[in-house]
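Visitor: Just a sequence and a predicted model for now, questions to come.
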Amino acid sequence: MNMKSRYRLFLRRKSVYYAFDDTTKTFTSLKTKDKAEANRLLVAMNEAGKQPAMNLSLARVYLRHSDPMVSVRTWQHVLEEIIQIKSGPTQARWKSAAKDKAFDLIRDRILIETQAEHLLAVLRTGTVSTNAFLRKVHNFAVDMNWLPATVIPRRQWPAIHYKEKRAITIEEHQKIIAAEVNPERKTLYQLCWHLGASQGDIANLKGEDVDWTNNTVSFVRKKTGVPVLVHLGGEALNLFKDLPAEGVLFPYLSRVRAGDRDTEFKQRCQQLGINGVTLHSYRYAWAERAKTVGYPERFAQEALGHNSKAVHRAYAKRALMKIPSLEDYERKQEGAAIVLTLHKVNVKRRCLGIVCATNFVEGRDVLLGVADLLEHRRIIRGKFALLITFHVNKSRRF
């Protein structure tokens, strides 16, 4: 064996063969017990260290037989392929992302010649959006077998730190409504506050979507295709009464791009000195308002059209809950009227002020005094599922 070779063969404890690196003084398992196979692997490792440029050329020769484009495919080609398979608003976002100047650093670089330093340079030059889209481009190339291996391992990608999103407050909303002179935009902002729907879904509502019999409005979310049915309160109903009964409710706003509606809203906020909010902030506001008043999560999730609880909780995470003291909560429960749950307690008879009930939990009869029900209102707490019922009096018949 050549004495100048970097790697030497080593058999550890008569198990598998290892390659010892004379440069780093470390062992690398060859994962074989066959000496002949271990020698072949060792020769390949030593040759790779001596002629890296020749190895790349050999790799291209081998890869070209399976993929003729391997030696000419660039990152620009990957971007173009992704854009072609997208459609609608997603395709528009990808077209905009592909124009990012940070991608110019690798746009014309051959895929198989890309090193991790090249992608890291793009990340340092770009923004949060660059990080998000470059990950997707890289993963797409790996999945399509255009890259023989990942350039940057998944765990080594720099973390994405998004700008903090917040809900619009009632004070800010009222200032915007008072200052807005365009009636169509003003109604759109008001419905965003009451419904919590996205601006695109509200802008495309039609008069036929409103059910005046049941006081509801229904639509299908453009983003997810989830059908949404929302019951309307009094203020929301009054807003719909001033809109056309048929056809598109917002003739102008339904035709413009979502970005244009956002720009108009942003300009109004800048005039009023309101910062950090967009039209999407109305969805955060609705979610936080629902959580604050104790609105059931499953109802709020359906109203906002969220497919998962995780997404919905992300929207409502900044809601401030006013938690009552346990003492006050217990006192309130003790003062509540008693209600009998018939699925757990079966009242058999009442005779001379005595109620005989069957405890289905323990399978036995319990005698309850009328005086106890009236005065204490908490009989054998925990024995029954819920022993809280109407006020019992002597003239009441079971």
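Guide: Alright, I've got the coordinates.
Visitor: Buried residues, the helix or strand containing Gln301. List them.
Guide: Assigned by DSSP states H and E, Gln301 belongs to helix 297-304. Judged by neighbour count (16 or more other Cβ atoms under 10 Å), helix 297-304 contains these buried residues: 297, 300-304. Bear in mind the C-beta positions are built from the backbone N, C-alpha and C, glycine included.
Visitor: Point out where the stretch 1-150 of the chain drops to low pLDDT.
Guide: 1-4, 49-67 (pLDDT under 70).
Visitor: what ranges do the helices span in it?
Guide: 35-50, 52-66, 75-85, 88-98, 116-125, 128-143 (DSSP state H, counting those that start in this stretch).
Visitor: Can you report how many residues lie near Val181?
Guide: 7 (other Cβ atoms under 10 Å).
Visitor: Need the three-state assignment for it.
Guide: coil (DSSP: H, G, I helix; E, B strand; the rest coil).
Visitor: now do Val151
Guide: coil.
Visitor: Next, work out how far apart it and Gln174 are.
Guide: 51 Å (Cβ to Cβ, to the nearest Å).
Visitor: Who has more neighbours out of those two?
Guide: Neighbours were counted for Val151 and for Gln174 using other Cβ under 10 Å; Val151 has more, 18 against 11.
Visitor: Confirm for me that that one is in contact with Glu113.
Guide: No. With contacts counted by Cβ atoms under 8 Å, Val151 stays clear of Glu113, the gap being 10.5 Å.
Visitor: Would you map the strands across the stretch 101-250 of the chain?
Guide: Along the stretch 101-250 of the chain, counting by DSSP state E, counting those that start in this stretch, strands occupy 210-211, 216-220, 227-231.
Visitor: Now that we have those strands, can you turn them into TSV and tack on distance to Leu11?
Guide: Below are the strands of the stretch 101-250 of the chain laid out as TSV (distance: least, Cβ to Cβ, whole Å):
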stretch	distance to Leu11
strand 210-211	80
strand 216-220	67
strand 227-231	67
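Visitor: okay, those strands in CSV with mean pLDDT next?
Guide: Shown next, in CSV, are the strands of the stretch 101-250 of the chain (pLDDT from 0 to 100):
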stretch, mean pLDDT
strand 210-211, 90
strand 216-220, 87
strand 227-231, 84
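Visitor: So which of those is nearest Trp146?
Guide: strand 216-220 (36.5 Å; Cβ to Cβ).
Visitor: that older thread, report the inter-axis angle for the helix holding Gln301 versus strand 227-231.
Guide: With axes from the mean of the first three to the mean of the last three Cα atoms, to 10 degrees applied, the angle from helix 297-304 to strand 227-231 works out at 110 degrees.
Visitor: For the closest residue to Val220 other than its chain neighbours, list the residues it contacts.
Guide: Counting by Cβ to Cβ, 6 or more residues apart in numbering, Val220 lies nearest to Pro227, which is 5.2 Å off, once chain neighbours are set aside. Applying Cβ atoms under 8 Å, 6 or more residues apart in numbering to Pro227 gives the contacts 218-221.
Visitor: got the contact list for Arg6?
Guide: Arg6 makes contact with 21-23, 45-46, 49, according to Cβ under 8 Å, 6+ apart.
Visitor: Stretch 258-275: which residues count as buried?
Guide: 258, 261, 264-265, 268-269, 274.
Visitor: Surely Met45 is in contact with Ala19?
Guide: Yes. The criterion here is Cβ under 8 Å, and Met45 meets it with Ala19 at 5.9 Å.
Visitor: The two: who's more crowded?
Guide: Legend: neighbour count by other Cβ under 10 Å for Met45 and Ala19, higher for Ala19 (19 against 16).
Visitor: Let me see the confidence value for the residue nearest to Gln190 when sequence neighbours are not counted.
Guide: Using Cβ to Cβ, 6+ apart and skipping residues adjacent in sequence, the residue nearest Gln190 is Leu239, 5.7 Å away. pLDDT recorded at Leu239 is 92.
Visitor: wait, Leu239 sits on Leu191?
Guide: Yes. With contact defined as Cβ under 8 Å, Leu239 reaches Leu191; the gap is 6.1 Å.
Visitor: The two - which one has more neighbours?
Guide: Leu191 (25 against 18).
Visitor: if we can go back for a sec, select only the buried ones of the contacts of Arg6 in PyMOL?
Guide: If you want just the buried ones from these in PyMOL, going by 16+ other Cβ under 10 Å, the selection is:
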select buried, resi 45+46
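Visitor: Out of the contacts of Arg6, the closest to Thr213 would be?
Guide: Met45 (78.0 Å).
Visitor: On the strand side of things, show who the closest residue to the closest one other than its chain neighbours bridges to.
Guide: What sits nearest to Met45 in space, not counting adjacent residues and going by Cβ to Cβ, 6+ apart, is Tyr7, at 4.9 Å. Beta bridges link Tyr7 to Asp21, judged by DSSP bridges.
Visitor: pretty sure Tyr7 contacts Glu47?
Guide: No. Here Tyr7 lies out of contact with Glu47, judged by Cβ under 8 Å, at a distance of 10.1 Å.
Visitor: which of those two has more neighbours?
Guide: Tyr7 (22 against 14).
Visitor: From Asp34, how far out is that one?
Guide: Taking Cβ to Cβ, one finds Tyr7 at 17 Å from Asp34.
Visitor: rewinding a little: overlap in contacts, Met45 and Ala19.
Guide: What both Met45 and Ala19 touch, as defined by Cβ under 8 Å, 6+ apart, is the set Tyr7.
Visitor: got a list of what the spatially closest residue to Lys136 that is not a sequence neighbour touches?
Guide: Counting by Cβ to Cβ, 6+ apart, Ile82 is the residue found nearest to Lys136 once chain neighbours are left out, at 7.5 Å. The contact partners of Ile82, by Cβ under 8 Å, 6+ apart, come to 94, 136-137, 140.
Visitor: Next up, the contacts around Arg73.
Guide: Counting by Cβ under 8 Å, 6+ apart, Arg73 has contacts 110-111, 146.
Visitor: now do 10 Å
Guide: By Cβ atoms under 10 Å, 6 or more residues apart in numbering, the contact set of Arg73 is 67, 81, 110-112, 141, 144, 146-147.
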